[in-house]
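Asker: Mind looking at a prediction? Sequence and model below.
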Amino acid sequence: MKKQSMILSIAVALLSLGIACKKDANVANGRSLTAGPIHSCGDSIISGVITSNLFLDSCKVYKLSGIVYVSNNATLTISKGALIQGIKGTPGGTLVITRGAKLIAAGTQGSPILFTSDQASPASGDWGGIVLLGKADINQGDSAQVEGIGQFPAASIYYGGTVNTDNSGVLTYVRIEYAGYELSVDNELNGLTLAGVGSGTTIHHVEVYKAKDDAFEFFGGTVSASYLIAYHPLDDMFDFDNGYTGTINYALGVSDPTRADKSQSNGIECDNLASGDSTKTPITRPVINHMTIIGQPNAAAASITNGAPSGIGRYGRGAHFRRSARFDVKNSIFMGFLTGISLDGGLGNTPCTFASGASVLDNNLVHAFATASTPYAPFTIENGSPCLTSMQFYNMVLPLNSDYTGTNPNAGINLVSPFMVSYFPAATSDARTFAAGAFTWGGVDWTAGFGRFN
């Protein structure tokens, strides 16, 4: 990206770029917010580096041009009901909150905040997404640079540190649409990237819709989040690595039936480090409670090897724990993949640490499309392990978890209609009996107001 000089004055720029009032085209395009003010006061373009506090109201439509940084310990506050658009490009509009700065995006159920593409016919990857960089612990010291930005950034892109209670701001009742960008292989921007973000940060009721890479990625840090939706990402729904140790409560991930990534699209992907090094601490160990991961409705769909857009895309696993990662997964549902929960021994010691009791699987309902050659598909070991075979792993977890292997991934688990956007337990269902998944029988629909499923 070209290094841009700091805006002479953000406030002046916003005023000078506020053009004549016009209706927000997104309302007519079916992408309006569920509720809240109409964005009828014109557009303002934001670019460069924000170095002092800035407030964005809900009257204008704000457009991000290129990579926009919030730096110098500044706070960017966004009004409830606001509309922020990323201008399409390479990588397109992107919002990066640097270490010490804050993003306060406190939408409400009645007036959520929408981040989306500026295009009339939007597509996944139109813009870069949101990146929060914090000062919390990672397993690479505090010298890690976040991926996906490229060379010569206009502000610091380092993350990590020793302040585990660090506060990068607030994200509540927010939807992020059509974000994500691949700078190079395994070097991408996600819908929402959280890198070294501390536990003082508040994140709940956030949806990432049709991201071009992962929906949510957590690079280390201690932040916890709840009521998350990962809807139709190209790659993984939830990705944890580099020493992440926070908690995810109530989350939904839904696989895209029209595309799959060349690296395989998983519900969860979890590494300690890409190298598999088990000596680097903190060890990645997400705590996950009440998550629902929905794959494909039949084995044929789950088995494709020619998925768009690469032509070699594949669906992977409900959850893929590897490269010395540890985990604590309880009260969750996985369905519609060839493999349910996989412990990968190819690099590192993930199967061995599970065998030793360092990781937990408890009260999970796990389906996989098993075959005669993959009888342990719901709970399996990939790439071998000196500590566990697939049969041993399968037998170890069954007393505390439930497995399903039929051609109908919902049989027994019995959500109302998980492949037609109804994820609650049916009246008679294992999901209700075991109180598993992101939604409870007779409970409220926590996606109301900010969730999009079309």
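Answerer: Yes, it's here. Residues are numbered from 1 along each chain as shown.
Asker: After the least confident helix or strand in the chain by mean pLDDT, which helix or strand is next?
Answerer: Within the chain, no helix or strand scores below helix 25-28, which has a mean of 31 by mean pLDDT, DSSP states H and E. Reading on from helix 25-28 to the C-terminus, the next helix or strand found by DSSP states H and E is strand 43-46.
Asker: Next one, pLDDT for Gly18 please.
Answerer: Here, the pLDDT recorded for Gly18 equals 33.
Asker: Then Phe424?
Answerer: Per the predicted model, pLDDT is 98 at Phe424.
Asker: what kind of secondary structure is it in?
Answerer: What DSSP: H, G, I helix; E, B strand; the rest coil gives for Phe424 is strand.
Asker: So for it, what's the nearest residue that isn't a sequence neighbour?
Answerer: Phe439 (4.6 Å; Cβ to Cβ, 6 or more residues apart in numbering). Heads up, the C-betas are built off the backbone N, CA and C, glycines and all.
Asker: From what I see, that neighbour and Ala426 are in contact.
Answerer: No. Phe439 lies out of contact with Ala426 (Cβ atoms under 8 Å); the separation is 11.2 Å.
Asker: What is the neighbour count of the spatially closest residue to Gly316 that is not a sequence neighbour?
Answerer: Distances taken as Cβ to Cβ, 6+ apart put Gln264 closest to Gly316, at 3.4 Å, once the chain neighbours are dropped. Gln264: 17 surrounding residues under other Cβ atoms under 10 Å.
Asker: try the one 4 residues further on
Answerer: Residue neighbour count, defined by other Cβ under 10 Å, stands at 30 for Ile268.
Asker: Next: the one 10 residues further on.
Answerer: The burial count assigned to Ser278 is 19, neighbours taken as other Cβ under 10 Å.
Asker: ok, it - contacts?
Answerer: By Cβ atoms under 8 Å, 6 or more residues apart in numbering, the residues touching Ser278 are 272, 324, 348-349, 353.
Asker: Kindly indicate whether the residue nearest to Phe424 is helix, strand or coil.
Answerer: Relying on three-state DSSP, one would call Phe439 coil.
Asker: follow-up on the earlier one: so which of the contacts of Ser278 belong to helices?
Answerer: Those of these mapping onto helices are Thr353, per DSSP state H.
Asker: Low-confidence stretches in this structure?
Answerer: Applying pLDDT under 70 to the chain flags the ranges 1-38.
Asker: how about the helices in it?
Answerer: Assigned by DSSP H, the helices in the chain fall at 10-17, 25-28, 299-302, 350-355, 390-397, 430-433.
Asker: who's Leu56 bridged to?
Answerer: In this entry, Leu56 is beta-bridged to Ile78, by DSSP bridges.
Asker: Ok, the one 5 residues further on next?
Answerer: When bridges are called by DSSP bridges, Val61 pairs up with Asp43, Leu83.
Asker: That'll do, ta.
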